[in-house]
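Colleague: quick one, fold the following:
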Amino acid sequence: MQNINPNSLLTENIKLPHSFVKNNGQEDSRALFTTSFKGRRIFFSSDRITSVELEPIEEHIPEPEDFPVPFQESEEPRNGVALELSFINPSKSLAPEGISQQSGYHHYLKGTDSSKWRSGVPHYKELLYPAVWEGVDLELSASSDGMKMNWKLDKPDRISFIRLHWAGADNLEIDEKGNLLVHHALGTLTDLSPIAYQEIDGERKPVDCVYRLYGSFDLGFELTGNFLENTPLIIDPILTYATYLGGSLRVDARGIAVDTGGCAYVTGSTTSIDFPVTPGAFQTTSGGGQDAFVTKFASDGGSLIYSTYLGGSNLDTGYAISLDTQECAYVTGLTRSVDFPTTPGAFQTTPAGIFVTKLSVDGESLIYSTYLGSTLSGSGFSIVVDFEGSAHVTGYTSDTNFPTTPGAFQTTKIGTLDGAFITRLSAGGESLIYSTYLEGSNQDYGYGIALDTQNHVLVTGVTNSPDFPITAGAYQTTHTLTSAFVTKLALDGSALIYSTFLSGIANSAGRSISVDSSGNACVTGRVYSTGFPVTPGAFQITYGGGNADTFASKLSPGGESLLASTYLGGNNTDLNYGGTIDAQGRIYATGYTSSPNFPLTPEVIPSILDGGSNIYISIFSTDLTKLLVSYCLGSGVGHDMATGPEGAVYATGDTSSTAFPATTGAYQTSLNGTVDAFVTKTGFAYYRQASVEIEGLI
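Modeller: Numbers count the residues shown, from 1 in each chain. Have a look, this model is predicted:
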């Protein structure tokens, strides 16, 4: 028990609302805020909360004959107790912050020394201790019922971080109702049993929670009921828009990208001479035969910002599209046109089979456009643009004189069959920074390309070459007849950081690749039999059957281990064409399925099964153990996916279905040709982690 002089405690203006008063020098410097409640003074320091309680003054009930006497302060100190609730091993530089400043001020004018007076002291409705421990905030509010302590955890397992120590108490007890009883010299302070909940879809879902004592005076919490741990929640997915895109003949969309404003950019090919183009676009009439196209949609999918043909008089297809930081579109694909549009000063203006084109922001002109190759063969299949504006391209070529650069990893072609290549162009498209083959003596195709945060290129595809370049220590160094591969290049393209097969004993092909924030390569593709490597606890550990399944896999940053891997498919054919990841590492896949039992999640977006082959869109958890969302959109093929602002996912491909779920207000709501492109945007409300709040009332 401590002796506390009541004259050392200043009384707040009782006309002001109950609040937390900032310490502007009127209190001991260790206290940053103070409040009072039912005879207790509470001080909030950087790492503890101190409650000071004095023994009550014996009340004198006056008799009728008593005369009033002037108030006199007691000269004798009263017994009291100070209880300290401290945070054990909290974050460094922890300090409470006032939230929601209240009207009015406190004035402290005690004594005759005006230099010690404090006027205009602010007070606040709430206090916040941010990040007491990683992922754990403490919010405090006060009312006539008491001081409410609200612990906010960004995910449930953070509860193990909370450790509190009570000093100044005689002992701690948890009663039969789960309340914490802090026994001290003047009585007992009661902290009511904790209430925990998770907020899901705007509703509080209760989670059983109890106090736990550790030794005599240390305290924590334990969740004893069911809760969602480390599992992102998908709440009310909405098909924001779905639109056709086509003329009177055929349109196939192959690639999609999304800018920071949520506008989708699509490329592909069309044979329609009435393909929808916009006034002022770079090329408003068909070049003849089959042309590539580039179309930018408004963010709501209801109109075109620009749309242009891109082609010559023969066969041209855009296979992939990417954006730079200025939101200029870069496209790659194949051309068999000797008059494909190129620009003066571009790296190569003589005809070849591959093109790389950069459009202006408004789609009205070409910033550069170049051929790539020595013959009318090959194709660019994937493109990505780095922060310097350099385009990185992969695909295939049969050219024995494909342009490579001195010092690149592989400067000469092995044999005459199709082989993969990787090329990095300068920002202006006038030269090659590096260019290399990536192949063995048989057929090899690069289908997907991505960049990590250090600007390393990662490529996936398929190889039939037993001598495809593989590095020592890679995850899989043995070859099957047809195998997916994953390869990571040095920054200058001169060497392989790692290169691995990804097939097990099954035939497989990689179709898309993305890199998460940790440098893990996330790959989607196709597998054609049992024997593909899957990991324990994966969503689907057995081959579904039929001609092919989709697979999704995650490799470590060094390519030496398989972190996660799963099948995705039913008992018929389930072909993957594209995929991506989002900022939280969720893995997406799209393609088509003809399996009547393809894994779906009907509680989200209702699936449309419209014939033999149906577009599928599927989303996995980061560890590939859970299928978060999976639905079908009718007959057709999903070719590519991208993620955009606010967690939305965009998909494109082609469909011949009149039942495709075009939304009201979309740019094109009905099928125009034999086959039309489609573009969809689906919005999801994600909880990045399952958060928990724990309430207590002292």
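Colleague: buried sites along the helix or strand where Ser119 lies?
Modeller: Under the criterion of DSSP states H and E, Ser119 resides in strand 118-121. With burial defined by 16 or more other C-beta atoms under 10 Å, the residues of strand 118-121 counted as buried are Arg118, Val121. C-beta: built from backbone N, CA, C; applies to glycine.
Colleague: on contacts alone, who are the packing partners of the following helix or strand past it?
Modeller: Proceeding N to C from strand 118-121, the next assigned helix or strand is strand 123-133, under DSSP H and E. Applying 3 or more C-beta pairs under 8 Å, 6 or more residues apart in numbering; DSSP states H and E, we find strand 123-133 packed against strand 20-22, strand 78-87, strand 97-101, strand 136-143.
Colleague: now, of these, which is deepest in the fold?
Modeller: Highest mean neighbour count of the helices and strands packed on strand 123-133: strand 20-22, a mean of 24 (counted as mean count of other C-beta atoms under 10 Å).
Colleague: direction included, what does it pair against?
Modeller: Sheet partners assigned to strand 20-22 using DSSP bridges are listed as strand 33-37 (antiparallel), strand 123-133 (antiparallel).
Colleague: which outside residues touch the first one?
Modeller: Read it as strand 33-37. Applying C-beta atoms under 8 Å, 6 or more residues apart in numbering, the contact partners of strand 33-37 are 11-12, 18-23, 27, 41-44, 96, 98, 124, 127, 142, 146-147.
Colleague: and the helix or strand following it, which strands flank it?
Modeller: For strand 33-37, the succeeding helix or strand toward the C-terminus, using DSSP H and E, is strand 40-44. Applying DSSP bridges, strand 40-44 is found paired with strand 33-37 (antiparallel), strand 48-54 (antiparallel).
Colleague: and Phe539, what element?
Modeller: Counting by DSSP H and E, Phe539 is found in no helix or strand.
Colleague: who are the contact partners of it?
Modeller: Here Phe539 is in contact with Thr566, Leu568, Pro599, Phe620, Leu624, Thr625, Lys626, Leu627 (criterion: C-beta under 8 Å, 6+ apart).
Colleague: ok, now which ones touch the fourth one?
Modeller: Under the criterion of C-beta under 8 Å, 6+ apart, the contact partners of Phe620 comprise Phe539, Ala552, Thr566, Arg586, Ile587, Tyr588, Ala589, Lys626, Leu627, Leu628.
Colleague: so the first one versus Phe598, what's the distance?
Modeller: Noted for Phe539: a distance of 13 Å to Phe598, by C-beta to C-beta, to the nearest Å.
Colleague: and the gap between the nearest residue to Ser657 once chain neighbours are set aside and Pro661?
Modeller: Nearest residue to Ser657, sequence neighbours excluded (C-beta to C-beta, 6 or more residues apart in numbering): Gly634, at 3.9 Å. Using C-beta to C-beta, one gets 7 Å for the distance from Gly634 to Pro661.
Colleague: shouldn't Val356 be within a strand?
Modeller: Yes: the assignment for Val356 is a strand, going by DSSP: H, G, I helix; E, B strand; the rest coil.
Colleague: tell me how many other residues crowd it.
Modeller: Around Val356 there are 23 other residues, counting by other C-beta atoms under 10 Å.
Colleague: contacting residues around the spatially closest residue to Gly473 that is not a sequence neighbour?
Modeller: Leaving aside its sequence neighbours, Gly473 sits nearest to Glu560 (C-beta to C-beta, 6+ apart; 5.5 Å). By C-beta under 8 Å, 6+ apart, the residues touching Glu560 are Gly473, Ala474, Tyr475, Tyr498.
Colleague: lovely, talk soon.
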